[in-house]
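Participant: Here's my sequence, what's the structure:
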Amino acid sequence: MKGSMKVVILGLVLGVGAVGCSRDRDDRSKDSTTNRDTTVANTPSTTGAPMSNSDLENAVKAKLQGDEQLRAANINVDANGDKREITLSGTVPSQELRNRALELAKAAQSGVTVNDKIEVKPAA
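Facilitator: Sure, this is the predicted structure:
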């Protein structure tokens with residue numbers, strides 16, 4: 001009886017170990033597939049993973065540059081990747097552009113805090 005019990009336990013241990021190894025291999029396979037796709041590698045992460053200050057800053061600047069009216073606005077971007085904070089400062093001619101800049105900055109990376117220091121100064 002003791003011998004057959006050892007065989008059953010050994011079978012269970014090996015079976016659980018094989019399943020765990022298979023899952024780990026699947027996870028690594030998914031990671032390496034994602035890294036090969038240059039369109040994913042060149043876009044900002046949306047998983048909430050920390051970004052460097054310059055990566056976060058560049059992601060926000062790219063979003064702002066994608067908007068024709070905001071491209072012409074005087075908006076400065078300062079980022080702190082460790083704190084997941086973005087500070088926008090400068091001037092825009094309308095509240096609508098201010099709101100759009102804030103929304104685009106939030107969309108650059110999920111879970112970031114956007115500090116609004118933008119002033120609205122209508123064109124004279």
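Participant: Same question for stretch 89-108: list its buried residues.
Facilitator: Within stretch 89-108, the residues scored as buried using 16 or more other Cβ atoms under 10 Å are 92-93, 97-98, 100-102, 104-106, 108. C-beta coordinates here come from the backbone N, C-alpha and C atoms, glycine included.
Participant: what would the residues you listed look like in a markdown table with distance to Ala59?
Facilitator: Formatted as a markdown table, the buried residues of stretch 89-108 follow (distance: Cβ to Cβ, whole Å):
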| residue | distance to Ala59 |
| --- | --- |
| Val92 | 20 |
| Pro93 | 24 |
| Leu97 | 19 |
| Arg98 | 19 |
| Arg100 | 16 |
| Ala101 | 14 |
| Leu102 | 15 |
| Leu104 | 10 |
| Ala105 | 9 |
| Lys106 | 11 |
| Ala108 | 4 |
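Participant: Nearest to Glu57 among those?
Facilitator: Glu57 lies nearest to Ala108 out of those, by Cβ to Cβ, at 9.3 Å.
Participant: where in this structure is pLDDT low?
Facilitator: Where the chain drops to pLDDT under 70, the residues are 1-8, 10-50.
Participant: any chance you could map the strands in it?
Facilitator: 74-80, 85-92, 113-120 (DSSP state E).
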